[in-house]
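1. With the sequence up front, the predicted model follows.
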Amino acid sequence: MFRLGICLLFCFIATNDAAKCTKEENLIPSESDSQLLTIIVCRHVTSDMLLEFDYEAKPHRQELWIKSSTIHKLKPNSFSKFSGISDLHLSKIGLKEIEDGAFNGLLKLENLVLSGNKLTTLPKGAFDSLTTLNNLDLSNNQIGAIEDDSFSGLSNLTILDLRGNKIKSLDKNLFEDLKMLEILWVSDNPLTTLPDGEFPQLRKIVVDNTHVKEMNVNFTKSPLDFFQLTDSQLEEFDCANVPSLTTLELNNNKIKVVHHWEKLDCDRVSLHHNKITSFDISPNVIQLHLRNNHIRSIGNTPSGHGKKLELLDLARNKISEITSESFLELTQLKFLVLQHNQITVLHKDVFRDLPNLITLDLSYNKIRTVEANPFNGLKRLNTLRVSGNRVRKDDFRKYVNNTRIW
(Lines give C-alpha, C1' and ligand atoms only; values in the text may rest on other atoms or scores of the structure.)
Protein backbone atom coordinates (compact mmCIF):
# COMPACT_ATOMS: atom_id res chain seq x y z
CA MET A 1 0.00 0.00 0.00
CA PHE A 2 1.35 3.43 -0.93
CA ARG A 3 1.75 6.00 1.79
CA LEU A 4 0.05 9.33 1.18
CA GLY A 5 2.62 12.07 0.65
CA ILE A 6 1.45 15.49 1.79
CA CYS A 7 3.13 18.79 0.99
CA LEU A 8 1.69 21.72 2.94
CA LEU A 9 2.43 25.28 1.77
CA PHE A 10 1.24 27.83 4.30
CA CYS A 11 1.09 31.25 2.64
CA PHE A 12 0.72 34.29 4.86
CA ILE A 13 0.40 37.42 2.75
CA ALA A 14 0.40 40.70 4.62
CA THR A 15 -2.10 43.38 3.66
CA ASN A 16 0.41 46.25 3.64
CA ASP A 17 2.52 47.49 0.71
CA ALA A 18 5.42 45.26 1.69
CA ALA A 19 3.47 42.07 1.23
CA LYS A 20 5.50 38.96 1.75
CA CYS A 21 4.89 35.25 1.47
CA THR A 22 6.48 32.63 3.63
CA LYS A 23 6.30 28.91 2.89
CA GLU A 24 6.65 25.89 5.08
CA GLU A 25 7.06 22.53 3.38
CA ASN A 26 6.60 19.15 4.98
CA LEU A 27 6.94 16.41 2.40
CA ILE A 28 6.31 12.79 3.32
CA PRO A 29 8.07 10.47 0.84
CA SER A 30 5.90 8.15 -1.22
CA GLU A 31 6.54 5.27 -3.55
CA SER A 32 4.41 6.87 -6.25
CA ASP A 33 3.90 10.48 -7.34
CA SER A 34 0.22 9.68 -7.91
CA GLN A 35 -0.17 9.31 -4.13
CA LEU A 36 1.29 12.74 -3.33
CA LEU A 37 -0.95 15.59 -2.24
CA THR A 38 0.01 19.26 -2.10
CA ILE A 39 -2.22 21.52 0.00
CA ILE A 40 -1.75 25.27 -0.45
CA VAL A 41 -3.24 27.29 2.41
CA CYS A 42 -3.50 31.06 1.94
CA ARG A 43 -4.53 33.37 4.77
CA HIS A 44 -5.32 37.09 4.93
CA VAL A 45 -5.48 37.48 1.16
CA THR A 46 -7.51 39.44 -1.35
CA SER A 47 -8.42 38.28 -4.84
CA ASP A 48 -5.74 40.58 -6.29
CA MET A 49 -3.06 39.03 -4.09
CA LEU A 50 -3.84 35.58 -5.45
CA LEU A 51 -2.73 36.77 -8.88
CA GLU A 52 0.71 37.54 -7.45
CA PHE A 53 1.27 34.12 -5.92
CA ASP A 54 4.23 32.18 -7.33
CA TYR A 55 2.47 28.91 -8.15
CA GLU A 56 4.18 25.87 -9.60
CA ALA A 57 2.13 23.10 -11.16
CA LYS A 58 2.90 19.57 -9.94
CA PRO A 59 2.23 16.19 -11.53
CA HIS A 60 0.30 15.07 -8.42
CA ARG A 61 -2.91 16.25 -6.77
CA GLN A 62 -3.00 19.86 -5.50
CA GLU A 63 -5.56 21.69 -3.34
CA LEU A 64 -6.00 25.40 -2.61
CA TRP A 65 -7.60 26.54 0.67
CA ILE A 66 -8.38 30.23 1.32
CA LYS A 67 -8.74 30.90 5.06
CA SER A 68 -9.00 33.86 7.44
CA SER A 69 -9.71 36.11 4.48
CA THR A 70 -12.46 38.45 3.33
CA ILE A 71 -13.16 38.33 -0.38
CA HIS A 72 -16.55 39.85 -1.29
CA LYS A 73 -16.19 39.47 -5.04
CA LEU A 74 -14.48 36.98 -7.32
CA LYS A 75 -13.24 38.84 -10.37
CA PRO A 76 -12.54 37.31 -13.80
CA ASN A 77 -9.49 35.03 -13.87
CA SER A 78 -9.10 35.16 -10.07
CA PHE A 79 -7.43 31.75 -10.06
CA SER A 80 -5.66 31.76 -13.41
CA LYS A 81 -2.33 31.24 -11.63
CA PHE A 82 -3.58 27.95 -10.13
CA SER A 83 -4.29 26.03 -13.30
CA GLY A 84 -3.27 22.65 -11.89
CA ILE A 85 -5.34 22.46 -8.69
CA SER A 86 -8.02 19.80 -8.29
CA ASP A 87 -9.74 21.19 -5.16
CA LEU A 88 -10.66 24.80 -4.34
CA HIS A 89 -11.98 25.62 -0.86
CA LEU A 90 -13.53 29.07 -0.42
CA SER A 91 -15.69 28.59 2.69
CA LYS A 92 -16.60 31.45 5.01
CA ILE A 93 -14.76 34.26 3.23
CA GLY A 94 -17.73 36.65 3.05
CA LEU A 95 -18.22 36.05 -0.67
CA LYS A 96 -21.18 37.97 -2.13
CA GLU A 97 -20.66 37.96 -5.88
CA ILE A 98 -19.11 35.78 -8.57
CA GLU A 99 -18.30 37.62 -11.77
CA ASP A 100 -18.34 35.96 -15.16
CA GLY A 101 -15.08 34.13 -15.84
CA ALA A 102 -13.99 34.00 -12.18
CA PHE A 103 -12.96 30.34 -12.52
CA ASN A 104 -11.32 30.55 -15.94
CA GLY A 105 -8.15 28.54 -16.26
CA LEU A 106 -9.00 25.85 -13.67
CA LEU A 107 -8.64 23.05 -16.17
CA LYS A 108 -8.31 20.21 -13.63
CA LEU A 109 -10.72 21.34 -10.92
CA GLU A 110 -12.84 18.50 -9.48
CA ASN A 111 -14.15 19.91 -6.19
CA LEU A 112 -15.35 23.46 -5.52
CA VAL A 113 -16.50 24.43 -2.02
CA LEU A 114 -18.28 27.77 -1.60
CA SER A 115 -20.21 27.01 1.60
CA GLY A 116 -20.89 29.44 4.43
CA ASN A 117 -20.73 32.61 2.33
CA LYS A 118 -23.20 35.41 1.50
CA LEU A 119 -24.11 34.60 -2.07
CA THR A 120 -27.68 35.64 -2.92
CA THR A 121 -27.79 34.78 -6.63
CA LEU A 122 -26.01 32.59 -9.13
CA PRO A 123 -25.51 34.30 -12.48
CA LYS A 124 -25.73 32.59 -15.84
CA GLY A 125 -22.63 30.68 -16.81
CA ALA A 126 -20.98 31.16 -13.41
CA PHE A 127 -19.32 27.74 -13.70
CA ASP A 128 -19.39 27.08 -17.44
CA SER A 129 -15.60 26.75 -17.71
CA LEU A 130 -15.45 23.99 -15.07
CA THR A 131 -16.06 21.03 -17.35
CA THR A 132 -14.07 18.66 -15.09
CA LEU A 133 -15.94 19.55 -11.89
CA ASN A 134 -17.40 16.61 -9.92
CA ASN A 135 -18.55 18.23 -6.68
CA LEU A 136 -20.09 21.68 -6.16
CA ASP A 137 -20.88 22.78 -2.58
CA LEU A 138 -23.05 25.91 -2.30
CA SER A 139 -24.52 25.11 1.10
CA ASN A 140 -25.31 27.67 3.79
CA ASN A 141 -25.40 30.77 1.64
CA GLN A 142 -28.33 33.14 1.09
CA ILE A 143 -29.17 32.05 -2.43
CA GLY A 144 -32.75 32.81 -3.36
CA ALA A 145 -32.57 32.96 -7.13
CA ILE A 146 -30.74 30.67 -9.54
CA GLU A 147 -30.85 31.57 -13.21
CA ASP A 148 -31.60 28.87 -15.77
CA ASP A 149 -28.06 28.58 -17.14
CA SER A 150 -26.25 28.84 -13.81
CA PHE A 151 -25.08 25.22 -14.05
CA SER A 152 -24.38 25.16 -17.76
CA GLY A 153 -21.16 23.44 -18.72
CA LEU A 154 -21.08 21.19 -15.65
CA SER A 155 -21.36 18.05 -17.74
CA ASN A 156 -19.34 15.93 -15.28
CA LEU A 157 -20.91 17.12 -12.03
CA THR A 158 -21.98 14.20 -9.80
CA ILE A 159 -22.69 15.95 -6.45
CA LEU A 160 -24.60 19.23 -5.97
CA ASP A 161 -25.15 20.62 -2.45
CA LEU A 162 -27.68 23.47 -2.13
CA ARG A 163 -28.57 22.99 1.55
CA GLY A 164 -29.26 25.91 3.85
CA ASN A 165 -30.23 28.60 1.36
CA LYS A 166 -33.42 30.58 0.59
CA ILE A 167 -34.49 28.74 -2.54
CA LYS A 168 -38.26 28.54 -3.07
CA SER A 169 -38.27 26.70 -6.39
CA LEU A 170 -35.90 24.95 -8.77
CA ASP A 171 -36.86 25.12 -12.41
CA LYS A 172 -36.36 21.91 -14.39
CA ASN A 173 -34.22 23.80 -16.92
CA LEU A 174 -31.57 24.26 -14.24
CA PHE A 175 -30.56 20.64 -14.49
CA GLU A 176 -30.48 20.21 -18.27
CA ASP A 177 -26.67 20.00 -18.43
CA LEU A 178 -26.31 17.88 -15.28
CA LYS A 179 -26.60 14.53 -17.02
CA MET A 180 -24.11 12.87 -14.65
CA LEU A 181 -25.65 14.15 -11.39
CA GLU A 182 -25.83 11.35 -8.80
CA ILE A 183 -26.43 13.11 -5.47
CA LEU A 184 -28.60 16.19 -4.86
CA TRP A 185 -28.91 17.92 -1.47
CA VAL A 186 -31.60 20.65 -1.18
CA SER A 187 -32.54 20.51 2.52
CA ASP A 188 -33.20 23.56 4.69
CA ASN A 189 -34.73 25.68 1.95
CA PRO A 190 -38.27 27.15 1.76
CA LEU A 191 -39.03 24.91 -1.22
CA THR A 192 -42.70 24.35 -1.96
CA THR A 193 -42.15 21.77 -4.71
CA LEU A 194 -39.56 19.11 -5.39
CA PRO A 195 -36.82 19.77 -7.93
CA ASP A 196 -38.07 18.69 -11.32
CA GLY A 197 -36.12 17.50 -14.33
CA GLU A 198 -34.65 14.45 -15.97
CA PHE A 199 -31.96 12.84 -13.85
CA PRO A 200 -30.63 9.84 -15.76
CA GLN A 201 -27.93 9.11 -13.15
CA LEU A 202 -29.51 10.36 -9.91
CA ARG A 203 -29.02 7.89 -7.04
CA LYS A 204 -29.68 9.98 -3.94
CA ILE A 205 -31.86 13.00 -3.17
CA VAL A 206 -32.24 14.58 0.28
CA VAL A 207 -34.98 17.16 0.87
CA ASP A 208 -35.32 17.92 4.61
CA ASN A 209 -36.93 20.84 6.43
CA THR A 210 -38.83 22.41 3.53
CA HIS A 211 -42.38 23.58 2.73
CA VAL A 212 -43.09 20.79 0.25
CA LYS A 213 -46.72 19.68 0.49
CA GLU A 214 -47.11 17.32 -2.45
CA MET A 215 -45.11 14.80 -4.42
CA ASN A 216 -45.21 16.60 -7.74
CA VAL A 217 -42.34 14.76 -9.44
CA ASN A 218 -42.04 11.25 -10.84
CA PHE A 219 -38.57 9.76 -10.35
CA THR A 220 -39.25 6.35 -11.91
CA LYS A 221 -36.90 7.09 -14.82
CA SER A 222 -33.96 7.71 -12.48
CA PRO A 223 -31.82 4.93 -10.96
CA LEU A 224 -32.74 6.37 -7.57
CA ASP A 225 -31.51 4.36 -4.58
CA PHE A 226 -32.05 6.73 -1.64
CA PHE A 227 -34.99 9.16 -1.30
CA GLN A 228 -35.36 11.33 1.80
CA LEU A 229 -38.03 13.98 2.32
CA THR A 230 -38.40 14.66 6.05
CA ASP A 231 -39.46 17.48 8.37
CA SER A 232 -41.68 19.01 5.69
CA GLN A 233 -45.41 19.45 4.95
CA LEU A 234 -46.07 16.43 2.72
CA GLU A 235 -49.72 15.34 3.08
CA GLU A 236 -49.83 12.24 0.89
CA PHE A 237 -47.42 10.01 -0.96
CA ASP A 238 -47.73 7.81 -4.03
CA CYS A 239 -45.32 4.87 -4.04
CA ALA A 240 -45.76 4.65 -7.81
CA ASN A 241 -43.64 7.83 -8.17
CA VAL A 242 -40.39 6.25 -7.00
CA PRO A 243 -38.45 3.33 -8.49
CA SER A 244 -36.83 0.43 -6.69
CA LEU A 245 -35.02 1.90 -3.66
CA THR A 246 -32.77 0.84 -0.85
CA THR A 247 -34.06 3.54 1.52
CA LEU A 248 -37.21 5.69 1.63
CA GLU A 249 -37.33 8.28 4.46
CA LEU A 250 -40.52 10.35 4.87
CA ASN A 251 -40.41 11.06 8.60
CA ASN A 252 -41.94 14.09 10.33
CA ASN A 253 -44.41 15.13 7.66
CA LYS A 254 -48.21 15.34 7.71
CA ILE A 255 -48.90 12.26 5.60
CA LYS A 256 -52.38 10.84 6.05
CA VAL A 257 -52.60 8.64 2.98
CA VAL A 258 -50.05 6.47 1.17
CA HIS A 259 -51.14 5.26 -2.27
CA HIS A 260 -50.05 2.03 -3.96
CA TRP A 261 -48.22 0.39 -1.05
CA GLU A 262 -47.98 -2.73 -3.20
CA LYS A 263 -45.74 -0.94 -5.74
CA LEU A 264 -43.15 -0.01 -3.14
CA ASP A 265 -39.94 -1.91 -3.88
CA CYS A 266 -37.66 -0.84 -1.06
CA ASP A 267 -35.44 -2.39 1.61
CA ARG A 268 -36.05 0.19 4.33
CA VAL A 269 -39.15 2.38 4.66
CA SER A 270 -39.48 4.95 7.42
CA LEU A 271 -42.67 6.99 7.88
CA HIS A 272 -42.59 7.75 11.58
CA HIS A 273 -44.21 10.90 13.02
CA ASN A 274 -46.97 11.29 10.42
CA LYS A 275 -50.77 10.97 10.49
CA ILE A 276 -51.19 7.59 8.80
CA THR A 277 -54.27 5.63 9.89
CA SER A 278 -53.78 2.40 7.92
CA PHE A 279 -51.01 0.63 6.06
CA ASP A 280 -50.14 -2.30 3.85
CA ILE A 281 -46.89 -4.22 3.54
CA SER A 282 -45.39 -4.53 0.09
CA PRO A 283 -43.79 -7.82 -1.01
CA ASN A 284 -40.18 -6.55 -0.96
CA VAL A 285 -39.89 -4.31 2.12
CA ILE A 286 -37.42 -5.57 4.75
CA GLN A 287 -37.82 -2.84 7.40
CA LEU A 288 -40.99 -0.83 7.98
CA HIS A 289 -40.97 2.00 10.55
CA LEU A 290 -44.38 3.50 11.35
CA ARG A 291 -44.08 4.71 14.94
CA ASN A 292 -45.91 7.84 16.07
CA ASN A 293 -48.82 7.68 13.63
CA HIS A 294 -52.59 7.30 14.09
CA ILE A 295 -52.89 3.58 13.30
CA ARG A 296 -55.71 1.89 15.22
CA SER A 297 -55.61 -1.64 13.85
CA ILE A 298 -53.44 -4.06 11.90
CA GLY A 299 -55.25 -5.42 8.86
CA ASN A 300 -54.75 -8.78 7.24
CA THR A 301 -51.62 -9.04 5.13
CA PRO A 302 -52.46 -9.93 1.50
CA SER A 303 -51.02 -13.17 0.21
CA GLY A 304 -47.42 -12.75 -0.89
CA HIS A 305 -47.00 -9.42 0.86
CA GLY A 306 -44.58 -9.08 3.75
CA LYS A 307 -42.64 -12.19 2.74
CA LYS A 308 -39.30 -10.40 3.23
CA LEU A 309 -40.21 -8.23 6.22
CA GLU A 310 -37.75 -8.55 9.13
CA LEU A 311 -38.59 -5.47 11.24
CA LEU A 312 -41.99 -3.88 11.92
CA ASP A 313 -42.09 -0.84 14.21
CA LEU A 314 -45.60 0.28 15.22
CA ALA A 315 -44.72 1.97 18.50
CA ARG A 316 -46.75 4.94 19.78
CA ASN A 317 -49.87 4.40 17.72
CA LYS A 318 -53.44 3.75 18.85
CA ILE A 319 -53.65 -0.01 18.32
CA SER A 320 -56.09 -1.56 20.79
CA GLU A 321 -56.29 -5.16 19.55
CA ILE A 322 -54.08 -7.68 17.75
CA THR A 323 -55.16 -11.11 16.51
CA SER A 324 -53.41 -14.06 14.88
CA GLU A 325 -54.59 -12.75 11.52
CA SER A 326 -52.66 -9.52 12.09
CA PHE A 327 -49.36 -11.22 11.31
CA LEU A 328 -50.19 -13.69 8.56
CA GLU A 329 -47.49 -14.09 5.89
CA LEU A 330 -44.81 -12.44 8.08
CA THR A 331 -42.78 -15.60 8.50
CA GLN A 332 -39.40 -13.81 8.24
CA LEU A 333 -40.21 -11.18 10.87
CA LYS A 334 -37.46 -10.91 13.52
CA PHE A 335 -38.28 -7.67 15.36
CA LEU A 336 -41.80 -6.54 16.27
CA VAL A 337 -42.24 -3.28 18.21
CA LEU A 338 -45.69 -2.52 19.65
CA GLN A 339 -44.75 -0.42 22.68
CA HIS A 340 -46.90 2.52 23.82
CA ASN A 341 -50.17 1.40 22.22
CA GLN A 342 -53.51 0.54 23.82
CA ILE A 343 -53.50 -3.26 23.65
CA THR A 344 -55.53 -4.80 26.50
CA VAL A 345 -55.61 -8.54 25.71
CA LEU A 346 -53.08 -11.06 24.36
CA HIS A 347 -55.16 -13.75 22.68
CA LYS A 348 -54.18 -17.37 22.45
CA ASP A 349 -51.70 -18.15 19.65
CA VAL A 350 -51.69 -14.50 18.56
CA PHE A 351 -48.04 -14.74 17.39
CA ARG A 352 -48.15 -18.29 16.05
CA ASP A 353 -47.18 -17.32 12.48
CA LEU A 354 -43.93 -15.63 13.51
CA PRO A 355 -41.48 -18.54 13.84
CA ASN A 356 -38.38 -16.36 13.35
CA LEU A 357 -39.28 -13.61 15.81
CA ILE A 358 -36.32 -12.72 18.05
CA THR A 359 -37.47 -9.55 19.83
CA LEU A 360 -41.04 -8.65 20.82
CA ASP A 361 -41.74 -5.32 22.52
CA LEU A 362 -45.16 -5.00 24.18
CA SER A 363 -44.11 -2.53 26.86
CA TYR A 364 -46.33 0.33 28.01
CA ASN A 365 -49.63 -0.90 26.71
CA LYS A 366 -52.75 -1.62 28.81
CA ILE A 367 -52.46 -5.42 28.86
CA ARG A 368 -54.53 -6.86 31.71
CA THR A 369 -55.38 -10.29 30.28
CA VAL A 370 -53.02 -12.98 28.95
CA GLU A 371 -54.88 -15.92 27.46
CA ALA A 372 -53.38 -19.43 27.29
CA ASN A 373 -49.95 -19.27 25.66
CA PRO A 374 -50.11 -16.31 23.27
CA PHE A 375 -46.44 -17.00 22.46
CA ASN A 376 -46.98 -20.44 20.99
CA GLY A 377 -44.83 -20.89 17.89
CA LEU A 378 -42.14 -18.35 18.86
CA LYS A 379 -39.26 -20.82 18.70
CA ARG A 380 -36.49 -18.21 18.43
CA LEU A 381 -37.80 -15.56 20.83
CA ASN A 382 -34.86 -14.11 22.75
CA THR A 383 -36.16 -10.86 24.25
CA LEU A 384 -39.66 -10.00 25.50
CA ARG A 385 -40.42 -6.50 26.79
CA VAL A 386 -43.62 -6.21 28.82
CA SER A 387 -42.96 -3.56 31.48
CA GLY A 388 -45.52 -0.81 31.97
CA ASN A 389 -48.60 -3.05 31.64
CA ARG A 390 -51.27 -4.16 34.10
CA VAL A 391 -49.94 -7.68 34.53
CA ARG A 392 -46.75 -8.83 36.23
CA LYS A 393 -43.71 -10.06 34.37
CA ASP A 394 -44.06 -13.37 36.20
CA ASP A 395 -47.37 -13.95 34.44
CA PHE A 396 -45.42 -14.25 31.16
CA ARG A 397 -42.64 -16.53 32.40
CA LYS A 398 -44.68 -19.71 32.28
CA TYR A 399 -45.18 -19.27 28.53
CA VAL A 400 -41.62 -18.59 27.42
CA ASN A 401 -38.38 -20.48 28.06
CA ASN A 402 -34.84 -19.17 27.66
CA THR A 403 -36.20 -15.71 27.00
CA ARG A 404 -35.15 -12.49 28.67
CA ILE A 405 -38.17 -10.66 30.04
CA TRP A 406 -37.95 -6.94 30.66
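-> It's in.

2. Now stretch 314-331: average pLDDT?
-> In this model, stretch 314-331 has an average pLDDT of 92.

3. go on, stretch 241-259?
-> 93.

4. Sort out which residues of it are buried, please.
-> By neighbour count, with 16 or more other Cβ atoms under 10 Å as the criterion, the buried positions of stretch 241-259 are 241-243, 245, 248-253, 255-256, 258. C-beta: built from backbone N, CA, C; applies to glycine.

5. And the residues you listed, which is closest to residue 326?
-> Closest approach between these and residue 326, by Cβ to Cβ: residue 258, at 18.7 Å.

6. Among the buried residues of stretch 241-259, which are located in strands?
-> Per DSSP state E, strands hold the following members of the buried residues of stretch 241-259: 245, 248-249, 258.

7. can you redo these as CSV with distance to residue 334?
-> Below are those laid out as CSV (distance: Cβ to Cβ, whole Å):
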residue, distance to residue 334
245, 21
248, 20
249, 21
258, 24
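
8. from these, which is closest to residue 146?
-> Using Cβ to Cβ, these come closest to residue 146 at residue 249, 25.3 Å.

9. so what's the closest one bridging to?
-> Following DSSP bridges, residue 249 is listed with bridge partners residue 228, residue 270.

10. check contacts around it.
-> If a contact means Cβ atoms under 8 Å, 6 or more residues apart in numbering, then residue 249 has 227-230, 270 as its contacts.

11. okay, those in TSV with distance to residue 36, neighbour count and pLDDT next?
-> Formatted as TSV, the contacts of residue 249 follow (distance: Cβ to Cβ, whole Å; neighbours: other Cβ atoms under 10 Å; pLDDT from 0 to 100):
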residue	distance to residue 36	neighbour count	pLDDT
227	39	23	94
228	37	18	96
229	42	24	96
230	41	20	97
270	43	19	97
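
12. Output those in JSON lines; the columns should cover distance to residue 72.
-> Converted to JSON lines, the contacts of residue 249 look like this (distance: Cβ to Cβ, whole Å):
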{"residue": "227", "distance to residue 72": "38"}
{"residue": "228", "distance to residue 72": "35"}
{"residue": "229", "distance to residue 72": "35"}
{"residue": "230", "distance to residue 72": "35"}
{"residue": "270", "distance to residue 72": "43"}
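
13. any idea which of the ones in strands among the buried residues of stretch 241-259 is closest to residue 163?
-> residue 249 (15.6 Å).

14. what about the closest one, distance to residue 228?
-> Using Cβ to Cβ, to the nearest Å, residue 249 is found at 4 Å from residue 228.

15. got it, and residue 268?
-> Counting by Cβ to Cβ, the separation of residue 268 from residue 228 is 11 Å.

16. what do those two both touch?
-> 247-248.

17. need the strands for the stretch 201-350 of the chain, in chain order.
-> Under the criterion DSSP state E, counting those that start in this stretch, strands of the stretch 201-350 of the chain are mapped to 204-206, 226-228, 236-238, 245-249, 257-259, 266-270, 287-289, 311-313, 335-337, 345-346.
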